[in-house]
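> sequence first, then the predicted structure, then my questions.
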Amino acid sequence: MAEYADHESSEDPLHILRHSTAHLLAAAVTELYPEAKYGIGPPVEDGFYYDFAFPQPISESDLPAIESRMRRLAQEGRPFVQQTLTRKQAVDEFTARHQDYKLELIADKVEGDEVSVYHTGDFLDLCRGPHVATTKDLKAFKLLRVAGAYWRGDEKKPQLTRIYGTSWGSQKELDEYLKFLEEAEKRDHKRIGKELKLFTVDERVGAGLPLWLPNGATIRRELERFIVDEELSRGYLHVRTPDVARLELYEQSGHAKLYRENMYPPMKFEDGEELELRPVNCPHHIVVYQSDLRSYRDLPMRIAEIGNNWRFERSGTLIGLNRVRAFALNDAHIFCTEEQLMDEVKGAIELALYFSDVLGIDEFSYRLSTRDDVKDKWLGTEAQWKRAQDALGEALKSMGQTFTVGTGEAAFYGPKIDFQVRDAHRREFTNSTVQIDFQLPERFELEYVAEDGSRKRPVMVHRGAAGSMERLFSYLIERYAGAFPAWLHPVQVAVIPITDAQIDYAGRVAAALRAKRLRVEVDSRPERMQRKIRDAQGQKVPYMAIVGGREAETEHVNVRDRSGSQTDEALESFAARVALEVAERRR
Ligand SMILES: [Zn+2]
Ligand SMILES: [Zn+2]
């Protein structure tokens, strides 16, 4: 099965185990649903799947029955037996079983006249192996969920039912993995985004185009202020440029040709003008650079913007805020001399490290992405690429950072350092990046006036330090499971009057806190105090200020934090304490 499909045969014992469990799943399904047709079933990270065409649709509620049949077959200890058939024999076997998908795979994937198949009891699969010896070796597995998947990933082909499962060497490992999944599910940013009213996605607006609700927009504003202020203090010049540009600009930059698959179709006007939604900010920032004659004294020039980018993503790949069709990038383009290059690369890495430290991005790794071997996928000369790749590697080494190399992961104009982060589901993504570019300066004929009065060409560094606001936010939601540090939380203090008699005092407490620019909500609903506390806890509000008659008399508040600890504190000292925590952006 899998080996005749889109995946390499593997000797990794876990892969073999998971792959074998996929056979077991298909064996159980064909026993329970004799009319089911089976497609492919490879191992994947942490588990396996198998695609089926069922005569009637099945749902997750059908999984326990399938799983219990799998257990029965596992206990029977059916051996995995290989047999080599001629092409005709194989076609006859799968025709007798009405397995059209296997017949298609034989026609498309099998070369020569020998076809390797595996028997597991009555179940027959097209496969080269290897597998475990018998189904008794499959001891710790679980079916997880059902999803739709097009046959061979092609939207024009029939939609099949994909059953996902996981399989481990021992029950202990399986239990640990299921616990991890449960925790990841609790932290899932789409789920928390709904619970805390942070963002929403609506079909009327479109898939992959999230709307930031007031709570989410508050957090984003805080993030942007933090980022922009820090960059200004490090000598960046913040600009504002439009979301669109004429197609010609992207022809000059090379994007129109080499980045086309990520771009939206141009908007055509009657007079023949064509505008593009920008997929990147670089050409705009180049135009900013060229808006004046630059001298060596102006360099390095660090042009920055939290700029909106529009990139086409297939609808099937969109994930909440993590993979979207429009996003705001914390972007900058540094124009410098070759002598300044190393310092600028290091400065960009340091800034990314600083952001990570404040924001709580604890776990990340560096990847040095180098160029593709296919010549038409990159611009420039081999010597330029080598110099740029060496410079990036050197910068990391000199900072004592270790990194992996991602061959073919570079941008078409130059190599880059990517900061790879993992979300709660351990999916890896790039959060920030530093890229060296010798190409765009040439294409746009960038210049500066050198000390001797001659015209020279600057080098360009593209750098994203905190990533896109969308992806960063999805990461932070999962990182904190919604319990954001006070400086980011949409409501920093919930003031809870115990009875209506304290509503006035609650208002005075709120005013005192707001005077320190804190975000406060007074819960004056006619609910019991316990209910209000529960609701504030549900919203992960950092502080509750509970006020009763005694507090009102003494100008105090009863402070309850997220850990549940409670203290009685003078209003003034509480306000000053939280304001300081927020100002220092403490985690
Ligand atoms: Zn197999
Ligand atoms: Zn750029």
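Arrived safely. Numbering: from 1, shown residues only. Ligands and ions are numbered 1, 2, ... in the order given.

> give me the neighbour count for the residue in the stretch 151-300 of the chain positioned nearest to ligand 2.
Taking C-beta to the ion as the measure, the point where the stretch 151-300 of the chain comes nearest ligand 2 is residue 282, at 3.3 Å. In this view, the C-beta of every residue, glycine as well, is placed from N, C-alpha and C. By other C-beta atoms under 10 Å, 23 other residues sit near residue 282.

> what segments of the stretch 101-250 of the chain are helices?
With DSSP state H, counting those that start in this stretch as the criterion, the stretch 101-250 of the chain has helices at 171-187, 189-195, 214-233, 247-253.

> now what about the third one, what contacts it?
Translated: helix 214-233. 193, 196-199, 212, 238, 302, 304, 306, 330, 332, 351, 354-355, 358, 465-466, 469, 472-473, 476, 484, 487-491, 519, 585 (C-beta atoms under 8 Å, 6 or more residues apart in numbering).

> pLDDT below threshold where in this protein?
Within the chain, the segments meeting pLDDT under 70 span 1-10, 375, 377.

> circling back to that earlier point, with mean neighbour count and distance to residue 410 added, can I get the helices of the stretch 101-250 of the chain in TSV?
What follows is the helices of the stretch 101-250 of the chain, written out as TSV (neighbours: other C-beta atoms under 10 Å; distance: least, C-beta to C-beta, whole Å):
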stretch	mean neighbour count	distance to residue 410
helix 171-187	13	31
helix 189-195	19	29
helix 214-233	16	25
helix 247-253	18	16
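
> for the stretch 301-450 of the chain, which residue gets nearest to ligand 2?
Here the stretch 301-450 of the chain gets closest to ligand 2 at one residue, residue 333, 5.6 Å apart by C-beta to the ion.

> which stretch of helix or strand covers that residue?
Using DSSP states H and E, residue 333 falls within strand 326-336.

> ok but residue 521 is inside a strand, no?
Yes - counting by DSSP: H, G, I helix; E, B strand; the rest coil, residue 521 is part of a strand.

> find the nearest non-adjacent residue to the residue nearest to the spatial centre of the chain, please.
The chain has residue 322 as the residue nearest its centroid, 4.1 Å off, counting by C-alpha atoms, centre = their mean. Sequence neighbours aside, residue 474 is the residue nearest to residue 322 in space, at 4.5 Å (criterion: C-beta to C-beta, 6 or more residues apart in numbering).

> gap between the strand or helix carrying that neighbour and the chain center?
For residue 474, the enclosing helix or strand under DSSP H and E is helix 469-480. From the chain centre to the centre of helix 469-480 is a distance of 9 Å (C-alpha atoms, centre = their mean, to the nearest Å).

> which of the residues in stretch 566-575 are buried?
569, 571, 574-575 (16 or more other C-beta atoms under 10 Å).

> what sits up against that stretch?
Contacts of stretch 566-575 with the rest of the structure, by C-beta under 8 Å, 6+ apart, involve 509, 512-513, 515-516, 518, 543, 545, 551, 554-560, 577.

> list the residues that contact the residue nearest to residue 322.
By C-beta under 8 Å, 6+ apart, the residues touching residue 474 are 189, 320-322, 423.

> pull up the gap between it and residue 144, please.
As judged by C-beta to C-beta, to the nearest Å, residue 474 and residue 144 stand 22 Å apart.

> same question for residue 232.
To residue 144, residue 232 is 47 Å away according to C-beta to C-beta.

> out of the buried residues of stretch 566-575, who's nearest ligand 2?
residue 575 (43.3 Å).

> any idea which element that closest one lies in?
helix 571-583.

> tell me what angle that helix forms with helix 214-233.
If you take axes from the mean of the first three to the mean of the last three C-alpha atoms, to 10 degrees, helix 571-583 sits at 60 degrees to helix 214-233.

> just the strands in the stretch 251-400 of the chain please.
Using DSSP state E, counting those that start in this stretch, the strands of the stretch 251-400 of the chain run over 267-268, 274-277, 301-310, 326-336, 364-370.

> so which other helices or strands are in contact with the first one?
Strand 267-268 makes packing contacts with strand 274-277 when contacts are defined by 3 or more C-beta pairs under 8 Å, 6 or more residues apart in numbering; DSSP states H and E.

> what's the spacing between the strand it packs on and its chain's center?
Per C-alpha atoms, centre = their mean, the centroid offset for strand 274-277 relative to its chain is 27 Å.

> give me the sheet partners of that strand and which way each runs.
When pairing is defined by DSSP bridges, strand 274-277 lines up against strand 244-246 (antiparallel), strand 267-268 (antiparallel).

> what does the longest one rub up against?
Outside of strand 244-246, the residues within contact range by C-beta under 8 Å, 6+ apart are 267, 273-278, 283-284.

> what's the answer for stretch 180-188, then?
144, 191, 424-426, 477-478, 481.

> by neighbours, which of these wins?
residue 477 leads the contacts of stretch 180-188 on contacts (other C-beta under 10 Å) with 27 neighbours.

> that one: what's its closest spatial neighbour, skipping adjacent residues?
In space, residue 477 is closest to residue 189, 3.9 Å off (C-beta to C-beta, 6+ apart).

> what comes into contact with stretch 269-277?
Stretch 269-277 is touched from outside by 243-247, 249-250, 256, 263-264, 266-268, 310, with contacts defined as C-beta under 8 Å, 6+ apart.

> actually stretch 345-365, not the one I typed
Residues from elsewhere that reach stretch 345-365 (C-beta under 8 Å, 6+ apart): 226-227, 230-231, 234, 332, 334, 391-392, 395-396, 398-399, 401, 403-404, 417, 419-422, 431-432, 434, 436, 461, 463, 465-466, 472, 475-476, 479-480, 485, 585, 587.

> what comes up buried for that stretch?
Residues of stretch 345-365 classed as buried: 345-349, 351-353, 355-356, 358-359, 361, 364 (neighbour count, 16+ other C-beta under 10 Å).

> ok, stretch 379-394 next?
Buried residues in stretch 379-394, defined by neighbour count with 16+ other C-beta under 10 Å: 379-380, 384-385, 387-389, 391-393.

> near ligand 2, which residues of the chain show up?
282, 462 (C-beta under 5 Å from the ion).

> need the residues that contact stretch 518-535.
By C-beta under 8 Å, 6+ apart, stretch 518-535 touches 218, 489-498, 500, 503, 506-507, 509-510, 513-514, 536, 541, 544, 546, 560, 575, 578-579, 582.

> one more pass at 7 Å, please.
With C-beta atoms under 7 Å, 6 or more residues apart in numbering as the test, stretch 518-535 has contacts from 218, 490-498, 503, 506-507, 510, 513-514, 544, 578-579, 582.

> out of these, list just those in helices.
Secondary structure from DSSP state H places 218, 503, 506-507, 510, 513-514, 578-579, 582 of the contacts of stretch 518-535 in helices.

> distance to residue 60 added to those, as TSV?
Listed next are the ones in helices among the contacts of stretch 518-535 as TSV, based on distance: C-beta to C-beta, whole Å:
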residue	distance to residue 60
218	36
503	48
506	46
507	49
510	46
513	46
514	48
578	45
579	48
582	44
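
> ok, the buried residues of stretch 379-394 vs residue 77, which is closest?
Each of these was scored against residue 77 by C-beta to C-beta, and residue 393 proved nearest at 52.7 Å.
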